[in-house]
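Undergrad: here are the coordinates; sequence isn't available:
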């Protein structure tokens, strides 16, 4: 049985790569149960989530677990330094994965059954509303440096989009860029609207990784959180 500091040290790799891998696997298994149970509870109040089958909930829970593990590992496990030691470490990470899921489920496409958001700029926390603006790179001022930076981001985003699989790219461009209803995209992909939500979730993570590897500013990366 790991004590609190055992978790921290093993996840950081202080005790070797083999032990680190085991700690990550054990934490992932624990967080999966937390995330899955949280999603089951939220089915009652979210229409878009209500008709998710058990395997679809499981897939979504796995996505949230993966995002949480990535969050813990960023910048040489910087987030672990914020753990104060008060309370169980597993309870601390459980709150992180629940917050990760809650943040995602607050976004408008989980409260609108058929359509994913086109982006009207009304909510700074809505990453999907930024996608069209990032691609269009509409600059309303005369700052050449700003325009150059925007063009650089737009070009990079296009390259990152090109790196997605055809299914992921079609879902992102149509649902997030053109406001095509998820059910219409699902027919094109020969799948379900629920699966389209999952595709979007995973595509955003891939885009974030691509942009992050290019050293893009965190304010831009937040669009794909």
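TA: Great, that's in hand. All values reported here derive from a predicted model rather than from experimental measurement.
Undergrad: Let me see the contact set for the residue lying closest to residue 52 once chain neighbours are set aside.
TA: Distances taken as Cβ to Cβ, 6 or more residues apart in numbering put residue 194 closest to residue 52, at 5.5 Å, once the chain neighbours are dropped. Heads up, the C-betas are built off the backbone N, CA and C, glycines and all. Residue 194 makes contact with 51-53, 56 under the criterion Cβ atoms under 8 Å, 6 or more residues apart in numbering.
Undergrad: The longest helix anywhere in the chain packs against which elements?
TA: Counting residues, the longest helix in the chain under DSSP state H turns out to be helix 17-42. For helix 17-42, the packing partners by 3 or more Cβ pairs under 8 Å, 6 or more residues apart in numbering; DSSP states H and E come out as helix 4-12, helix 54-77, helix 89-105.
Undergrad: What are the buried residues along it?
TA: The neighbour-count check on helix 17-42 (16 or more other Cβ atoms under 10 Å) flags 20, 23-24, 27, 31-32, 34-36, 38-39, 42 as buried.
Undergrad: Break this protein into its domains for me.
TA: Under the assignment automatic domain parsing, the domains of the chain span 4-106, 128-224.
Undergrad: mean pLDDT for those: which is lowest?
TA: Ranked by mean pLDDT, the domains of the chain bottom out at domain 128-224, which scores a mean of 78.
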